[in-house]
Every structure is written in C-alpha cells, then in structure tokens.
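> model the following, please.
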Amino acid sequence: MIGLLAGFAALAGFPSAAGAQTTERIIVNRYTGLAIEGYDPVAYFADARAEPGRQDFEASHAGAVWRFRNEGNRASFVAHPEIYGPQFGGYDPIDLARGVTYPGTPRVWLIVAQRLYLFGREEHRTAFAADPAGILREAKARWPALEEGLAR
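Below is the predicted model of the structure:
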C-alpha cells in the first residue's frame with residue numbers, strides 16, 4: 001500500500017525528499033528549478049535568518065533560479081554570488097570532509113568567516129561550529145574531486 005501511495009505521489013508530481021537534486025554542482029530542486037528551496041541567500045547575512053524569497057524577485061545564476069525577498073537583496077546577490085551563495089553549492093561540509101556529497105537544507109545553516117554553509121542535520125552544524133577550520137580544510141581538499149564527479 002505504501003509503495004502504491006509513493007508511486008502515485010511521484011506520478012502526481014508531488015515533491016519528495018528525493019526532489020533535492022544531488023547530481024548537480026549547485027543543489028537545485030528538480031521540480032521547481034529553485035536553488036536552496038527558494039530561500040533568499042542574502043537574508044542570511046542581512047536578516048540573520050532563513051527567509052523565503054519571492055517569485056517577484058528572481059535571478060538566474062549557475063543554472064539555478066534564486067529567489068529574494070526584495071530588489072536590494074537580488075541586486076546584492078547578482079553583484080556578488082560568490083559571497084552570498086552557499087559554499088560548496090549547498091552541500092553539507094561535514095559530509096564533504098568525509099568524501100561524500102549530501103545536500104544541506106536552507107533551514108540548517110551557519111555563517112563562518114562571512115560565508116554561508118548549509119547542513120543536512122543539526123548535529124553537523126554543531127560539529128562544524130566546534131572546528132570550522134579543520135572541517136573546511138578537509139572539505140576544501142576533497143571538494144574539487146567531488147565536484148568533478150557531479151553533473152555539469
């Protein structure tokens with residue numbers, strides 16, 4: 001019965017946990033084309049919280065559609081996507097340090113050294129906060145090979 005319901009949900013086009021694309025260099029929802037589930041990447045810096053963007057304020061960058069709360073945030077991102085976009089394309093840096101790609105969620109995040117990091121689990125954010133330099137050293141060392149293995 002559960003398999004039948006899951007199959008129906010897939011056919012009906014309902015997003016699922018599998019909806020997060022994990023074969024891309026930037027995590028994009030395969031159904032909507034939205035990066036970081038439509039959350040405004042600039043709001044993490046400007047408002048210190050995860051805020052959903054609006055369809056009225058969108059920009060396309062690196063094959064993804066990004067949403068913003070207002071025109072000012074959109075303009076800031078367009079001018080400096082390398083600053084405001086999540087590092088490692090939104091993949092969890094703890095998993096990258098272990099040599100695997102796993103998508104972070106825009107609701108579990110941290111800004112360190114003026115860069116945004118997304119995590120798949122709360123425990124990963126806590127571990128990262130305890131040793132960001134060590135984890136980033138490992139993640140950055142493994143990222144080029146992992147990124148190369150992702151679809152273009």
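> residue contacts, the most centrally placed residue in the chain?
A centroid search over the chain (C-alpha atoms, centre = their mean) returns G90, at 3.0 Å, as the residue closest to the centre. Taking C-beta atoms under 8 Å, 6 or more residues apart in numbering as the contact definition, G90 lies against I26, I27, A35, I36, P103, G104, P106, L118. Glycine gets a C-beta too; all of them are placed from N, C-alpha and C.
> need the nearest residue in space to R69, chain neighbours excluded.
D40 (4.7 Å; C-beta to C-beta, 6 or more residues apart in numbering).
> how near is that neighbour to D56?
In this structure, D40 and D56 are 12 Å apart, going by C-beta to C-beta, to the nearest Å.
> these two: who's more crowded?
Regarding D40 and D56, a neighbour count based on other C-beta atoms under 10 Å identifies D40 as having more, with 27 against 11.
> before we move on, the earlier item: tell me how far the residue nearest to R69 lies from Y31.
When distance is defined by C-beta to C-beta, D40 is 20 Å away from Y31.
> that older thread, which pLDDT value does the model give the residue nearest to the centre of the chain?
On the pLDDT scale, G90 is placed at 97.
> same deal with R25?
With respect to pLDDT, R25 scores 84.
> I'm done for today, thanks for sticking with me.
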